[in-house]
Structure formats: C-alpha cells, structure tokens
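Student: Sequence first, predicted coordinates after that:
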Amino acid sequence: MRKILLAIDAQNINSKTLDFACYAAALTESKLTGVFLENVLFEEMSELAGASSYSDEISVLEERKKKTEDNISFFREACEKRGVQSNIHRKRGMPTDEMIEESRFADMIIVDAEMSFKKKIESVPSGFVKDLLSEAECPVIISPESFDGIDEVIFTYNGSGSSVLAIKQFTYLFPEFNNKNITLLEVNKENEMGLRSKPKISEWLKTHYSEMDFKLLNGNPEEELFKYLLEKKNLLLVMGAYGRGTLSSMLKPSRAKLIVSTTNFPVFITHY
C-alpha cells in the first residue's frame, strides 16, 4: 500500500482519527493524504445567512478560512512528528462526491464514523459515511474512538465471494499483519452448515499468516457477532459486502452505534 486518504472535515479535524491514520501510514510506509472537505454550498450559505452586514459576511468567511488553514497546519505537524509523509487535497464541493472521486485513485480511505456535514445530530455511522461505504472505489476503514494497538485481526466470513474479496484486499494492503493472531469468524443461523469451503480458505490463509483460528457461532448473525465482539479488545475487524446481508443489518442505527462506539475498534470494509 502506498496511498491512504484521510477524510477530514476542514472545519473540525478529529485528532483521534488522525492518530490512527498516522499509525496505519507509518506501519505500511504509505503517504497520508488529508482530504479537507468543505460543503461550501450548504455550510457557508448557512453561516452567511446569520450575518447582518457585509462586514459580518467577510468576517465569517475569514474565520472559516483561518480555521481550515489551522487544521491543515495541525495535520502537517502531526504527520511530521510521526515521520509520516503527507499530502493535502482541498475540496470545496459535495463531500461525498469528492471522496468517491478521490477513492478511484487511492489504496484505502480512513474516516471517522460520526463525520457529518449536517447541522442536526445524525445516527452512527453518519449519512456521509454510509454513502462512502456504499460507493467508494477502494476499501474503507472506520477509525476507532481511541486506539491502543492491534493484537488480533478478525475476518468475518460467510463463504461468499464478497467476504473472500475483503479478506484478500486486507491481506494485500497490510502484509505487516502476517504475524498477528488471525481469526476466521463465521456466524450462521441455527442448523445451517458452517465454515463453508473451509479447506480452500484455510489453504489460502496459511500461505499468508502464521497464526490462525477458526470460530463458528450459531444463532442470529447480527446478535451473535455483536456479543462475540463485545468481549474483544485491540482487534481489527474485516468485513465485505456493505449494503447487503449481515453488515447492512449491523449498520442500522440501532446496532451501528453499539458496534462502532461501544466495541471501539477499527473496521475494514470493502465490496465488489
């Protein structure tokens, strides 16, 4: 991996997400590109609407400009302190469209689950993040609220091509994890056959990882997966097929807030 994008609200940088992004970039010796997003049409017009005079409008615009420049400086300094090569892209159009276009020419995106360009409070993940997960043309990592390292990588697996693609994409992007504890996790409804194509996936995994475990859970997939993950620490979760099946159900507002906030670990997501 050589090019990681970090989605950043130009007016409100998340230092914890930046910390995780610097970790990923340093680990893989990748350049970290901060994509500073501004929904100019909505945000500036909304703030200017409250200005009572032309001078107030100028003051609002200058304040926004200064805040963006301060956040860019903060990003550059954070990368420099961690020995990470950095780059800056400033985007002043529709944030989702801008990030999807950028994703076509990147290896991976890192984003904060709560990142939003709306004034109202949104569910987790935000609408912006859900759109990004559905449409991005490269894998996406949802960053944790805090980060203490990664001791285990859990691959969610259901025998589908999409779940295998996510495993392969992660493996190719992060060969640095080949000595970590790897768990292939399958969650099936009662009476369903488990660990489909186990010999084949096992053979492939053994060519890339030295430590592996297979875990099969039975019951409601979303509930069993959440209960299993709730007991874990310092892990990274790999999932495929956003918008369909288990992941789609997990990321409904009722479950997503628990998965993303309570369990507090990075989630790697990709799709066909």
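Tutor: Received it, and whenever you're ready, just let me know what you need.

Student: mind checking how far the closest residue to Leu37 other than its chain neighbours is from Cys79?
Tutor: Among residues not flanking Leu37 along the chain, Pro95 sits closest, at 4.2 Å (Cβ to Cβ, 6 or more residues apart in numbering). Using the backbone N, CA and C atoms, a C-beta is placed for each residue, glycine as well. According to Cβ to Cβ, to the nearest Å, Pro95 and Cys79 sit 22 Å apart.

Student: what's near enough to touch the residue nearest to Met94 when sequence neighbours are not counted?
Tutor: Distances taken as Cβ to Cβ, 6+ apart put Asn39 closest to Met94, at 6.8 Å, once the chain neighbours are dropped. Neighbouring residues of Asn39 by Cβ atoms under 8 Å, 6 or more residues apart in numbering: Met94, Pro95, Phe117.

Student: Name the helix or strand for Gly34, please.
Tutor: Taking DSSP states H and E as the definition, Gly34 sits inside strand 31-37.

Student: what does that strand rub up against?
Tutor: Taking Cβ under 8 Å, 6+ apart as the rule, strand 31-37 contacts 2-10, 21-22, 24-25, 68, 71-72, 75, 79, 84-91, 95, 98-99, 102, 106, 117.

Student: rerun that using 7 Å as the cut-off
Tutor: With Cβ atoms under 7 Å, 6 or more residues apart in numbering as the test, strand 31-37 has contacts from 2-10, 21-22, 25, 68, 72, 75, 79, 84-91, 95, 98-99, 102.

Student: ok, now stretch 144-153?
Tutor: The contact list for stretch 144-153, computed with Cβ under 7 Å, 6+ apart, reads 16, 19-20, 23, 177, 180-183, 234-236, 238, 261, 264-266.

Student: Please apply the same query to stretch 130-138.
Tutor: Under Cβ under 7 Å, 6+ apart, the answer for stretch 130-138 is 96, 99-100, 103-104, 106-109, 111, 140, 242-243, 251, 269.

Student: ok, of the residues you listed, which one's closest to Tyr228?
Tutor: Of all these, Leu251 has the smallest distance to Tyr228: 17.0 Å, by Cβ to Cβ.

Student: Tell me who's in contact with the residue nearest to Leu37.
Tutor: Shown in contact with Pro95 (Cβ under 7 Å, 6+ apart): Leu37, Asn39, Phe117, Phe128.
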